[in-house]
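*Asks:* Let's see this in three dimensions:
(chains A, B, C and D)
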Number of protein chains: 4
Amino acid sequence: MCRWLAYSGKPVLIDDLLYGPDHSLIAQSLHSTMGAEATNGDGFGIGWYGVGDEPGVFHSIEPAWNDRNLHELSRHITSPLVFAHIRASTGSPVQQTNCHPFRYRNWLWMHNGVIRDFDVVKRELVLEIKPELYPLIEGSTDSEVLFHLALTYGLEHDPPAAVERAVGLVEDVGHEHGIEYPIMMTVATTDGVRTWVFRYSSEGDSRTLFYSTDVETLQLMYPDSPYMHQVSSELGREGRLIVSEPLGERLLGAWNAVPERTWGVVQPGPDDSHAFTPTPPARRAAAVV
Amino acid sequence: MCRWLAYSGKPVLIDDLLYGPDHSLIAQSLHSTMGAEATNGDGFGIGWYGVGDEPGVFHSIEPAWNDRNLHELSRHITSPLVFAHIRASTGSPVQQTNCHPFRYRNWLWMHNGVIRDFDVVKRELVLEIKPELYPLIEGSTDSEVLFHLALTYGLEHDPPAAVERAVGLVEDVGHEHGIEYPIMMTVATTDGVRTWVFRYSSEGDSRTLFYSTDVETLQLMYPDSPYMHQVSSELGREGRLIVSEPLGERLLGAWNAVPERTWGVVQPGPDDSHAFTPTPPARRAAAVV
Amino acid sequence: MCRWLAYSGKPVLIDDLLYGPDHSLIAQSLHSTMGAEATNGDGFGIGWYGVGDEPGVFHSIEPAWNDRNLHELSRHITSPLVFAHIRASTGSPVQQTNCHPFRYRNWLWMHNGVIRDFDVVKRELVLEIKPELYPLIEGSTDSEVLFHLALTYGLEHDPPAAVERAVGLVEDVGHEHGIEYPIMMTVATTDGVRTWVFRYSSEGDSRTLFYSTDVETLQLMYPDSPYMHQVSSELGREGRLIVSEPLGERLLGAWNAVPERTWGVVQPGPDDSHAFTPTPPARRAAAVV
Amino acid sequence: MCRWLAYSGKPVLIDDLLYGPDHSLIAQSLHSTMGAEATNGDGFGIGWYGVGDEPGVFHSIEPAWNDRNLHELSRHITSPLVFAHIRASTGSPVQQTNCHPFRYRNWLWMHNGVIRDFDVVKRELVLEIKPELYPLIEGSTDSEVLFHLALTYGLEHDPPAAVERAVGLVEDVGHEHGIEYPIMMTVATTDGVRTWVFRYSSEGDSRTLFYSTDVETLQLMYPDSPYMHQVSSELGREGRLIVSEPLGERLLGAWNAVPERTWGVVQPGPDDSHAFTPTPPARRAAAVV
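*Replies:* Numbers count the residues shown, from 1 in each chain, chains lettered A, B, ... in the order given. A predicted model of the protein is given here:
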């Protein structure tokens, strides 16, 4: 399993996001308290939008807590939209091509969770990926396959529907193989403007996921908090953080749990959330296996 | 492309194989003279038989010429059968799972060459791999796919026939996609007792491949050479080296070019070589694509 | 801080030492229970005697728990004397030259602990190292400086006296700079035949250190234990393990704490232990600073 | 030895500097034509000014030609002042702390060349470094020691004088040890505004060093060159490149060799160059050795 963070709002120094908070993502890489594993030391990655059309990505196989390049870069890059991910491998090798976030054109994708018995279902899942997308798979994770399934089902046009189809397929194939709970996941994906997040598991008991309360609510809740003023000035009015676990316990009410079986979108203007319902697609290659 | 070396004979210190000769494999990593590229700095690997049932493998993404662990290990491990490979990537990422030799049970496999337009044919080739072997593919190279195709076609029972089928498939699929010369290769594979080598390319113009003259012939050719005595005592009577390029120029006649379209086997007792004829297998999944 | 293990006895597969036990050193790299840090993921190293005059060493900057090469090597190398060390950096960079064990000729050295305020005292300590040893320092740890001080004071001839002088110097220089407790350490060093271990700290509250009870005692204590029979057959009569923390809790009495301010030697024949008394040497370069 | 590049001018995408030109620095990492070695694959580094007070640095031990993170970062960071360095080790280990450019506060430093017999003179040179700077040395290269000597002698206040003293010391100590030609170097250093470059060797036969002709001259020389227009629009009027070897051969006259025994400064307004004369400082610690 893993831990991740998605930020969008006014441009911030990546260092403030990753190293600043009490219980920062980098601190979580050594001592996660809500993750399936305490240590998330099997590589990491960040993705950010700024210079250039595509987002930049930086992937490393070293533990985040002692990677000097990560610390350097995060102190010298600002961005209005940042994904960060620390990995605890569920079996696949620790290599850069297995580090999140994954990128396709202007899209980023990251995942915490697991496709269960991936060795058993991998071939059938990969067969459903569009042939023109297939050669773009570089690593060996379940997460990257899930991303390419979502792309196959139209992620670029309707992200929630595409992810519902991808997850529906994973459950369908899994059940055929007698896997009771084929998938558990929190996912974040973005086109550089809007960020969609998903929390779902076949067993209805997903990994945690939280989003930050909007700044105005926080200011009303904590009129006298100096920390609140810092958060407010850092994040701005539209700033949002979505995280696997809260980045500190100082502000009760600053973090809201995303409910089970939910997807949401963070965007300029009001955010939005809905029920997430896996929808198995018709299968093209099923006859072959 | 790449450079490789296969040794079998009496146990030797790996260091003597890799670092000892004039134009050693490690020297070739910086200054290959016959390879497609002068520099083979995109990782390396060694495989050896000794302690344990399976061969050991050591893979690294650092250039061989400055990898301290390789130098350490090679000075502290002896083995009667060693594969060593230095890589010049033809595009796939530099990661341990893309380093040769690849292993399956007691088998090792390494490859110099390329499946051309691999992105175009990869999906169809992978579809032909036995479903139970498919999850064992960890990297993203053409070489590892070729290995798993050979395993699918019976490498463990009849290596030459299995490789002829695998190569036949690659040419078949390639030609369907308008690829004129789908494959170029030198390959070595071993079960720990015998070593099979292959030199073949669709265009009839393969990378070089050489084997060492047997020691008795060398002793007759060079009765007064102190170097010959060293080779003789190091390699023993049954010792054989097969290499991408000769490890020095001191002994004219010590290296014999393996002819085009040939496979050979190095084994206890007389060696053997034959014409290599690709044989396309019936395709299971062809209808699907 | 760190965790380490020293084995001597009949030749064993390194894998049995590192991965076999319940609470093996590799398990401790993720979940140490007695260390200053739970995670020891800042690189690791092993040293072993076997082929060649000098011991072999293998150093890596990846966490031990997911290093494939470590797992490979440990399954294919046997040795009668093995040092293994997992690192939790106290500040110095994660690089191979900072990984233990350190080597000088036929000697190995590893350390768990810290020279406090090392930045303050480093220059003065380094000045005391013999000029001909000075260029051999490759990394930037306190542990390597301590090793070279011990070599300067005659480690090769009288290890306990040399380490007492080195520690005496560290305390002397530290106290001059107002450092209350200049050093904390457990150290193991070997010449390939005998292994000396040290447990000491200026404050009299050192990191833990344990040695395994001799096999005959264990057999008397646990006449019906199948695990005991396994240990017995694995370690042999003269086998000894010295560890930062016990490798499991199954056999009460199998592990003995080494007392504070003690050095001991494990050797063919009876072992031996004594009080450890730091002895500041005369300082050569003191006037310069 | 190594290859390096220093750019100052209007902000450019680092990618354009590193990967754009015909004979780019990244191409030189595989196929340098003027360097002491054809391959510069022993790690690399970049430094740049932009976000934050200090420059950012990115160091890697992988060869530059296949480092994906370098390619990513260079496509997503712009800067008006960039240092880039590719390394061919002259013996010291390949580790991030040995990668250039080195940083101290707002200063960067990089070096191509060698302090000869560094093992012999290292201790005496290090003794001359200010005690408060000494703990900042993290690696084991001659280049980093030279930097800290220059800092000791006032680099921040008068760079040419400081480097003349540092080089004077190196020659002085070297000659005492019977080293005929103690140093060879090209060096670049910057405070983020001005960049000083040095070309010197004891034997009067230094590695090559070139600076780009100013844009106006180029435009007069090549009024019809589309490439010239590109260079012009990319570099702007004040843009300057200083390089170990020219980045292509298309524009005769675009590159000017820096003469032997010269230092120069690139700055807003007219550039400047002078004779470089090593000046041994009085030695503080000489009596000790």
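*Asks:* Residue of the stretch 101-250 of chain A closest to chain C, please.
*Replies:* Nearest residue of the stretch 101-250 of chain A to chain C, counting by CB to the nearest CB: A:Ser140, 13.3 Å away. For glycine as for every other residue, the C-beta is placed from the backbone atoms N, C-alpha and C.
*Asks:* The nearest residue to that residue once chain neighbours are set aside: neighbour count?
*Replies:* Sequence neighbours aside, A:Ser92 is the residue nearest to A:Ser140 in space, at 4.8 Å (criterion: CB to CB, 6 or more residues apart in numbering or on different chains). A:Ser92: 19 surrounding residues under other CB atoms under 10 Å in any protein chain shown.
*Asks:* and if you look at A:Glu54?
*Replies:* 18.
*Asks:* Which neighbouring residues are in contact with the nearest residue in space to it that is not next to it in sequence, exactly?
*Replies:* Counting by CB to CB, 6+ apart, A:Glu54 lies nearest to A:Asn106, which is 5.8 Å off, once chain neighbours are set aside. A:Asn106 sits next to A:Asp53, A:Glu54, A:Pro55, A:Asp191, A:Gly192 when contact means CB atoms under 8 Å, 6 or more residues apart in numbering or on different chains.
*Asks:* The nearest residue to A:Ile77 once chain neighbours are set aside and A:Gly43, how far apart?
*Replies:* Nearest residue to A:Ile77, sequence neighbours excluded (CB to CB, 6+ apart): A:Ile14, at 5.3 Å. According to CB to CB, to the nearest Å, A:Ile14 stands 17 Å off from A:Gly43.
*Asks:* go on, A:His85?
*Replies:* Distance from A:His85 to A:Gly43, by CB to CB: 9 Å.
*Asks:* So between these two, which is more surrounded?
*Replies:* Shown here are A:His85 and A:Gly43; by other CB under 10 Å, A:His85 has more neighbours (30 against 27).
*Asks:* Was I right to think that one contacts A:Cys2?
*Replies:* Yes: in this structure, A:His85 is within contact of A:Cys2 by CB atoms under 8 Å, at 6.1 Å.
*Asks:* Which neighbours do those two have in common?
*Replies:* With CB under 8 Å, 6+ apart as the test, A:His85 and A:Cys2 both reach A:His100, A:Met110, A:Asn112.
*Asks:* Please identify the helix or strand for the last one.
*Replies:* Pointing back at A:Asn112 there. strand A:107-115 (DSSP states H and E).
*Asks:* Parallel or antiparallel, list what pairs with that strand.
*Replies:* Counting by DSSP bridges, the strands paired with strand A:107-115 are strand A:102-104 (antiparallel), strand A:183-190 (antiparallel).
*Asks:* low-confidence ranges in the stretch 101-250 of chain A?
*Replies:* A:215-216, A:218-238, A:248-250 (pLDDT under 70).
*Asks:* For it, which residue gets nearest to chain D?
*Replies:* A:Arg103 (9.5 Å).
*Asks:* any idea how far A:Val163 is from that residue?
*Replies:* For A:Arg103, the distance to A:Val163 - CB to CB - is 17 Å.
*Asks:* Looking at these two, which has the bigger crowd around it?
*Replies:* A:Val163 (28 against 19).
*Asks:* give me the element the more buried one is part of.
*Replies:* Going by DSSP H and E, A:Val163 is in helix A:159-176.
*Asks:* That helix packs against which elements?
*Replies:* Using 3 or more CB pairs under 8 Å, 6 or more residues apart in numbering or on different chains; DSSP states H and E, the elements in contact with helix A:159-176 are helix A:118-128, helix A:142-152, strand A:183-190, strand A:195-201, strand A:262-266.
*Asks:* Can you tell me what sits against the helix or strand following the fourth one?
*Replies:* It stands for strand A:195-201. In the C-terminal direction, the helix or strand that comes right after strand A:195-201 (DSSP H and E) is strand A:210-212. Residues from elsewhere that reach strand A:210-212, judged by CB under 8 Å, 6+ apart: A:197, A:235, A:239-246, A:254-258, A:264, A:266.
*Asks:* among the residues you listed, which ones are buried?
*Replies:* Neighbour-count burial (16 or more other CB atoms under 10 Å in any protein chain shown) is assigned, among the contacts of strand A:210-212, to A:197, A:235, A:239-246, A:254-255, A:258, A:264, A:266.
*Asks:* out of these, which are inside strands?
*Replies:* A:Val197, A:Arg240, A:Leu241, A:Ile242, A:Val243, A:Trp255, A:Gly264, A:Val266 (DSSP state E).
*Asks:* how far away is the spatially closest residue to the third one that is not a sequence neighbour from A:Tyr200?
*Replies:* Okay, so that is A:Leu241. Spatial nearest neighbour of A:Leu241, excluding adjacent residues (CB to CB, 6+ apart): A:Ser212 at 4.2 Å. Relative to A:Tyr200, A:Ser212 is positioned 21 Å away (CB to CB).
*Asks:* These two - which one has more neighbours?
*Replies:* Applying other CB under 10 Å to A:Ser212 and A:Tyr200 shows that A:Tyr200 carries more neighbours, namely 26 against 23.
*Asks:* From A:Gly264, how far off is the more buried one?
*Replies:* 12 Å.
*Asks:* Equivalent analysis for A:Glu54, please.
*Replies:* A:Glu54 sits at a distance of 25 Å from A:Gly264 (criterion: CB to CB).
*Asks:* what do you get for A:His274?
*Replies:* As for A:His274, its distance to A:Gly264 is 7 Å (criterion: CB to CB).
*Asks:* ditto for A:Asp16
*Replies:* For A:Asp16, the distance to A:Gly264 - CB to CB - is 24 Å.
*Asks:* and if you look at A:Asp42?
*Replies:* 28 Å.
*Asks:* what angle do the longest strand along chain A and strand A:107-115 make?
*Replies:* Assignment by DSSP E gives strand A:2-13 as the longest strand of chain A. Put simply, strand A:2-13 runs at 160 degrees to strand A:107-115, going by axes from the mean of the first three to the mean of the last three CA atoms, to 10 degrees.
*Asks:* name the helices or strands packed onto the helix or strand following strand A:2-13?
*Replies:* Heading C-terminal from strand A:2-13, the first helix or strand you meet, by DSSP H and E, is helix A:14-18. The elements that helix A:14-18 packs onto, with contact taken as 3+ CB pairs under 8 Å, 6+ apart, are strand A:2-13, helix A:25-31, strand A:44-48, helix A:68-76, strand A:78-87.
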